[in-house]
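# here is a sequence with its predicted model. Questions after.
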Amino acid sequence: MDKQNRKAIIAGNWKMNKTATEAKALISELIPAVKDAGCEVVICVPFTDLVTAVEMTKGTNIHVGAENVHFEKSGAFTGEISADMLTDLGVEYVVIGHSERRQYFAETNETVNKRTKAALAGGLKPIICVGESLDQREQGVTEELVRMQVKIALNGVTADELKNVVIAYEPIWAIGTGKTATADQAEEVCAAIRKVVGELYGEDAAKALTVQYGGSMNPKNAEELLSKPDVDGGLIGGASLKADQFAVIVDAATKG
Ligand SMILES: O=C(CO)COP(=O)(O)O
């Protein structure tokens, strides 16, 4: 369902889960489970599962994303993957700046910005992750922090490119903890994200932007979270690894 003509997107972020063999089994279950979705359905999978995911989802309503992309086009960057490598496979989306990347792999707002620009230049749709730690929330700096993360991530991104950008609000304290933000907390920050994008690109661009919530979204809480006016979808970790659970969330977004 569209909110003010916005596209709701439910994206799975598989993280470091599923071998190619396991991915095959999960995607086989997912295809029939989400075939009537009224929202966009994306699965962001490990690099080693991309070929399988792209091949298996051809002709279905499932879109495929990667979980990271390097900012250089090519060269001596052992172990890295470029935007061209991903688009050439048929990959459409890419998660950028996930808090796990920021926490364990020294990702910064600046590298998030570089990756975002490289993704867009290469024809990928970035899902840019922002969000505060529990400490930051308790200190009352959530909105300032998220505004800064969004501003730096989008530095140098044109208004035209913004049409392909998705922003995911993922409070770090809610990721993988079973502790979900309340629907009002999610709405408050998703609205703040839309506001800062409005300041940068104007009202119309802000209204068109898809802003997702992520952090322990599950079949039980999805409907309430997705009913909020500024929550246009979800970035789902744990529950995206179970076809039946993911399908319930997709249904909730279809209603939302
Ligand atoms: O990090 C997330 C999605 O990117 C959320 O993970 P969980 O849904 O497992 O909390």
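Sure, I can see it. No experiment lies behind these values; they were computed from the predicted model shown.
# got a list of what residue 133 touches?
172-173 (Cβ atoms under 8 Å, 6 or more residues apart in numbering). Yep, even glycine has a C-beta here, placed from its N, CA and C like the rest.
# skipping adjacent residues, who's closest to residue 20 in space?
Nearest non-adjacent residue to residue 20, counting by Cβ to Cβ, 6 or more residues apart in numbering: residue 52, 5.0 Å away.
# the helix or strand hosting that neighbour: what's the following helix or strand?
Element membership for residue 52, per DSSP states H and E: helix 50-57. Note on helix 50-57: by DSSP H and E, the next helix or strand toward the C-terminus is strand 62-66.
# related to what we said a few turns ago, dump the helix holding residue 52 to CSV, restricted to CA.
Provided in CSV are the C-alpha atoms of helix 50-57 (Å, rounded to 0.1, in the frame of the first residue of the first chain):
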residue,chain,number,x,y,z
LEU,A,50,23.7,-13.2,-4.8
VAL,A,51,23.9,-15.3,-8.0
THR,A,52,21.5,-17.9,-6.5
ALA,A,53,19.1,-15.2,-5.4
VAL,A,54,19.2,-13.3,-8.7
GLU,A,55,18.7,-16.5,-10.7
MET,A,56,15.9,-17.9,-8.6
THR,A,57,13.9,-14.6,-8.3
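# what angle do the helix or strand harbouring residue 126 and strand 62-66 make?
According to DSSP H and E, residue 126 maps onto strand 125-130. Interaxial angle of strand 125-130 relative to strand 62-66 (axes from the mean of the first three to the mean of the last three Cα atoms, to 10 degrees): 60 degrees.
# buried stuff in whichever helix or strand comes after strand 125-130?
Next in sequence after strand 125-130, counting helices and strands by DSSP H and E, comes helix 134-138. For helix 134-138, burial by neighbour count (16 or more other Cβ atoms under 10 Å) applies to 136-137.
# thinking again about what came up before, the strand holding residue 126 and the ligand in contact?
No - applying Cβ under 6 Å from any ligand atom, one finds strand 125-130 separated from the ligand by no less than 6.5 Å.
# what of stretch 14-24?
No - contact of stretch 14-24 with the ligand (Cβ under 6 Å from any ligand atom) is absent, the minimum separation being 7.1 Å.
# what's the span of that stretch from first residue to last?
13 Å (Cα to Cα, to the nearest Å).
# pLDDT of that stretch, averaged?
For stretch 14-24, mean pLDDT rounds to 98.
# also stretch 163-176?
96.
# hey, C-alpha coordinates of it in CSV?
What follows is stretch 163-176 as a C-alpha-only set of coordinates in CSV (Å, rounded to 0.1, in the frame of the first residue of the first chain):
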residue,chain,number,x,y,z
LYS,A,163,14.7,9.2,-5.9
ASN,A,164,16.6,5.9,-5.7
VAL,A,165,17.6,6.3,-2.0
VAL,A,166,15.9,4.5,0.9
ILE,A,167,16.7,5.4,4.5
ALA,A,168,16.4,2.9,7.3
TYR,A,169,16.1,4.0,10.9
GLU,A,170,17.6,1.3,13.0
PRO,A,171,18.1,2.1,16.7
ILE,A,172,21.1,0.0,17.6
TRP,A,173,19.6,-1.0,21.0
ALA,A,174,16.7,-2.6,19.1
ILE,A,175,18.8,-4.7,16.7
GLY,A,176,18.8,-8.4,17.4
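# give me every residue in the stretch 51-200 of the chain lying close to the ligand.
So far as Cβ under 6 Å from any ligand atom goes, the stretch 51-200 of the chain lies against the ligand at 98, 170, 175-176.
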